[in-house]
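Colleague: Next one to model:
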Amino acid sequence: MRGWLDLPLDDAKKLGDALNAWKGDEQDRGVIVAVDEHTDFHRFNRASWAHPLRIGAIKVADCPVLGSTGTAATTR
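Modeller: Okay, here's the model as predicted:
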């Protein structure tokens, strides 16, 4: 489910619980699911992927905000 960013948290937790309850197949292959609430850090991180300095703009409370993940790679 990695990448399901528009799923409401309560729905994601219910789906995660259902997937974790699945016992797997006859060879004991199952799944492990973790549901984490995304924060503005995660939103800045995704917004900055395409920028060489790892900065990006998001909206917080309907206002544009410029931020950085602080993990800019250096080049020579």
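Colleague: Low-confidence regions, this structure specifically.
Modeller: Across the chain, residues meeting the criterion (pLDDT under 70) sit at 1-5, 70-76.
Colleague: can you give me the strands in it?
Modeller: 55-60, 63-68 (DSSP state E).
Colleague: Direction included, what does the first one pair against?
Modeller: Based on DSSP bridges, the strands next to strand 55-60 in the sheet, each with its direction, are strand 63-68 (antiparallel).
Colleague: Now tell me what touches the strand it pairs with from outside.
Modeller: Asp40, Phe44, Ala47, Ser48, Leu53, Arg54, Ile55, Gly56, Ala57, Ile58, Lys59 (Cβ atoms under 8 Å, 6 or more residues apart in numbering). In this view, the C-beta of every residue, glycine as well, is placed from N, C-alpha and C.
Colleague: quick one: it to chain centroid distance?
Modeller: 18 Å (Cα atoms, centre = their mean, to the nearest Å).
Colleague: Just name the most buried of the strands of the chain.
Modeller: Comparing the strands of the chain by mean neighbour count (mean count of other Cβ atoms under 10 Å), strand 55-60 ranks first with a mean of 14.
Colleague: For that one, C-alpha coordinates in CSV please.
Modeller: Provided in CSV are the C-alpha atoms of strand 55-60 (Å, rounded to 0.1, in the frame of the first residue of the first chain):
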residue,chain,number,x,y,z
ILE,A,55,13.3,22.1,-1.5
GLY,A,56,9.7,22.1,-2.3
ALA,A,57,6.4,24.1,-1.8
ILE,A,58,3.3,22.7,-0.2
LYS,A,59,0.1,24.3,1.1
VAL,A,60,-0.6,24.4,4.9
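Colleague: List the contacts of it.
Modeller: Contacts of strand 55-60 (Cβ under 8 Å, 6+ apart): 40, 43-49, 64-68, 72.
Colleague: Tell me which stretches of the protein form helices.
Modeller: With DSSP state H as the criterion, the chain has helices at 9-21, 40-47.
Colleague: Report the inter-axis angle for the shortest one versus strand 63-68.
Modeller: Note on geometry: by axes from the mean of the first three to the mean of the last three Cα atoms, to 10 degrees, helix 40-47 and strand 63-68 are set 80 degrees apart in direction.
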